[in-house]
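Q: below is the sequence, then the predicted model.
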Amino acid sequence: AGALPAAIAANSRGKGLICPLECGSEAAWAGMGEDNPGGVLAPRSIIALVNHFRGTQVLSEPEPLKAVEAGAVPDLRDIKGQETAKRALEVAAAGGHNMLMVGPPGSGKSMLASRLPGILPPLSPREMLETSMVASLAGELHRTGVSRRRPYRAPHHSASMPALIGGGLRVKPGEVSLAHRGVLFLDELPEFPRQVLDSLRQPLETGEAVVARANAHVTFPARFQLVAAMNPCRCGHAGDAARACPRVPRCVSDYQAKLSGPMLDRIDIHIEVPPVAHADLALPPPAEGSAEVAARIAAARELQQARFSELVGPGSMLLNSHVEGELLDRIAAPDDSGRRLLAEAAERMGLTARGYHRVLRVARTLADLEGGGGVRRIHVAEALAYRETVAGRLGAAA
Ligand SMILES: Nc1ncnc2c1ncn2[C@@H]1O[C@H](COP(=O)(O)OP(=O)(O)OP(=O)(O)O)[C@@H](O)[C@H]1O
Ligand SMILES: [Mg+2]
């Protein structure tokens with residue numbers, strides 16, 4: 001594992017790399033398009049290597065990995081109705097916002113999440129190098145090949161801590177790092193062990209996963225977009241008066257208490273996904289599919305790239321969702337009417353400072369989806385709507 005970063009390091013020092021046959025093409029990819037001073041030797045055995053240096057049987061350079069064509073992924077067009085959820089998915093994808101979907105079984109949450117790979121823009125060459133290095137360290141690259149498709153990882157809630165965060169005997173990156181520059185989808189979020197959910201906080205905040213060892217720490221990149229889904233309560237039907245069990249709203253708060261406040265605070269977009277109306281299911285497929293949505297998302301991401309290249313530095317890979325503090329104030333200050341609405345809402349909803357910033361980040365992305373002008377009242381209003389949770393609503397009703 002790790003032949004790609006090893007080859008890059010060797011190249012930068014003007015050296016070659018000798019690695020096992022299986023990693024040869026991965027290591028050779030590192031030297032593509034540049035002068036590759038040392039070259040890569042990937043012999044089948046030590047004998048072959050000895051023969052190479054004796055000059056009796058010269059090894060040829062391995063072929064670099066070929067970029068694999070991204071295969072087909074499911075299309076948004078398959079989803080009937082659910083316009084609000086689809087819109088939220090588009091906004092989340094455009095700004096890289098973390099998103100939590102809450103809804104009863106069968107409402108289409110998993111279906112929505114699985115459409116993300118088809119609407120996210122392809123990786124830039126630099127991003128692809130980063131994601132390939134992580135995959136190489138995990139020992140996955142020679143199997144999967146390099147691809148411009150953004151990573152999409154959906155680990156099961158029974159996955160172990162080292163599998164998710166990184167670790168193991170020979171420290172390997174976990175799912176959070178394999179999802180770097182892409183999406184980490186956690187289905188049935190409250191079913192993940194508390195310890196795992198808590199350990200997600202750090203990568204969510206810093207974009208890095210730190211694995212503690214006896215005598216050292218290993219840091220892997222982990223700048224992922226978290227998309228999570230859950231039922232409102234254990235039986236799944238709270239919020240539907242006809243089917244809810246008698247323990248509502250207690251069961252809702254019990255179930256959702258498994259998610260800590262600091263974690264929920266890192267999620268910019270919270271939406272409710274109601275059951276699909278029978279009338280919607282009978283509709284013909286919607287006119288708009290993944291291709292149309294992907295084009296709007298790509299345009300919004302280009303605006304962000306231009307903005308942050310100017311404000312932060314060329315080549316910045318920031319997205320609206322990563323921005324905080326003074327920079328956020330600079331890029332997302334709403335107009336007067338928007339500011340008034342936000343002040344009122346902050347008062348009425350008891351917004352925390354973090355909540356306030358979440359609204360601004362999402363409002364910035366909404367304005368970017370409209371062409372990148374200033375943040376206006378209408379954007380603030382929509383961003384405020386992405387804060388509703390079933391717990392909040394039922395809590396307010398109780
Ligand atoms: N809006 C929709 N349009 C078309 N089919 C849908 C829609 N919503 C759900 N379905 C159908 O219902 C099935 C279940 O959806 P999905 O698995 O996404 O639900 P879920 O919300 O993840 O449920 P759970 O909470 O049980 O995980 C889908 O495979 C699909 O066939
Ligand atoms: Mg599901």
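A: Structure received. Ligands and ions are numbered 1, 2, ... in the order given.
Q: where in the stretch 151-300 of the chain is pLDDT low?
A: 239, 241, 244, 248 (pLDDT under 70).
Q: how about the helices in it?
A: 161-165, 175-178, 194-199, 201-206, 250-256, 261-265, 278-281, 290-311 (DSSP state H, counting those that start in this stretch).
Q: for the fifth one, packing partners?
A: Identification of packing neighbours for helix 250-256 by 3 or more C-beta pairs under 8 Å, 6 or more residues apart in numbering; DSSP states H and E yields helix 390-397. (Each C-beta comes from the backbone N, C-alpha and C, glycine too.)
Q: re earlier: which one of the helices of the stretch 151-300 of the chain lies closest to R115?
A: With C-beta to C-beta as the measure, helix 290-311 is the member of the helices of the stretch 151-300 of the chain nearest R115 (6.4 Å).
Q: list the contacts of that closest one.
A: If you take C-beta atoms under 8 Å, 6 or more residues apart in numbering as the criterion, helix 290-311 is touched by 73, 75-77, 86, 90, 93-95, 115, 118-121, 315-320, 327, 330-331, 365, 368-369, 371-372.
Q: can you give me the strands in the stretch 1-150 of the chain?
A: Per DSSP state E, counting those that start in this stretch, the stretch 1-150 of the chain carries strands over the ranges 17-18, 40-41, 99-102.
Q: just to revisit the earlier point, got the helices of the stretch 151-300 of the chain as a markdown table, with distance to L21 and mean neighbour count columns?
A: Shown next, in a markdown table, are those (distance: least, C-beta to C-beta, whole Å; neighbours: other C-beta atoms under 10 Å):
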| stretch | distance to L21 | mean neighbour count |
| --- | --- | --- |
| helix 161-165 | 27 | 19 |
| helix 175-178 | 24 | 26 |
| helix 194-199 | 37 | 14 |
| helix 201-206 | 34 | 16 |
| helix 250-256 | 51 | 18 |
| helix 261-265 | 44 | 15 |
| helix 278-281 | 53 | 10 |
| helix 290-311 | 39 | 17 |
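Q: who in the stretch 101-250 of the chain is up against ligand 1?
A: 103, 105-111, 229, 231 (C-beta under 6 Å from any ligand atom).
Q: for those, work out which two are farthest apart.
A: Farthest pair in those, by C-beta to C-beta: M111 and N231, 14.7 Å.
Q: comparing the two, which residue is more hemmed in?
A: N231 (23 against 18; other C-beta atoms under 10 Å).
Q: report the contact partners of the residue of the stretch 201-350 of the chain found nearest ligand 1.
A: Nearest residue of the stretch 201-350 of the chain to ligand 1, counting by C-beta to the nearest ligand atom: V276, 4.2 Å away. Residues near V276 by C-beta under 8 Å, 6+ apart: 80-82, 106-108.
Q: quick one on the thing from earlier: of the contacts of helix 290-311, select the buried ones using a PyMOL command.
A: Entered in PyMOL, the line below selects the buried ones among these, by 16 or more other C-beta atoms under 10 Å:
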select buried, resi 76+77+86+90+93+94+95+115+118+119+120+121+317+318+319+320+331+365+368+369
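Q: now do the end-to-end distance for stretch 229-236.
A: 12 Å (C-alpha to C-alpha, to the nearest Å).
Q: just give me the neighbour total for T56.
A: 8.
Q: now do the residue lying closest to L318 once chain neighbours are set aside against G16, distance only.
A: Nearest residue to L318, sequence neighbours excluded (C-beta to C-beta, 6 or more residues apart in numbering): F308, at 4.2 Å. Taking C-beta to C-beta, to the nearest Å as the measure, F308 falls 37 Å from G16.
Q: same thing with H379?
A: Taking C-beta to C-beta, one finds H379 at 54 Å from G16.
Q: and for C23?
A: 14 Å.
Q: ok, now I47?
A: 19 Å.
Q: who's more crowded, the two?
A: More crowded of I47 and G16, by other C-beta under 10 Å: G16, with 17 against 10.
Q: ok, now which ones touch R354?
A: Taking C-beta under 8 Å, 6+ apart as the definition, contacts of R354 comprise D265.
Q: chain center to the strand or helix carrying it, what's the gap?
A: Using DSSP states H and E, R354 sits in helix 353-369. In terms of C-alpha atoms, centre = their mean, to the nearest Å, the centre of helix 353-369 is found 18 Å from the chain centre.
Q: can you list the buried residues in that helix?
A: Buried, per 16+ other C-beta under 10 Å, within helix 353-369: 355, 357-369.
Q: by how many degrees do that helix and helix 290-311 diverge?
A: Relative orientation of helix 353-369 versus helix 290-311 (axes from the mean of the first three to the mean of the last three C-alpha atoms, to 10 degrees): 110 degrees.
Q: I'd say A345 and L384 touch.
A: Yes: using C-beta atoms under 8 Å, A345 makes contact with L384 at a distance of 5.3 Å.
Q: between those two, which has more neighbouring residues?
A: Comparing A345 with L384 by other C-beta under 10 Å, the one with more neighbours is L384, at 22 against 19.
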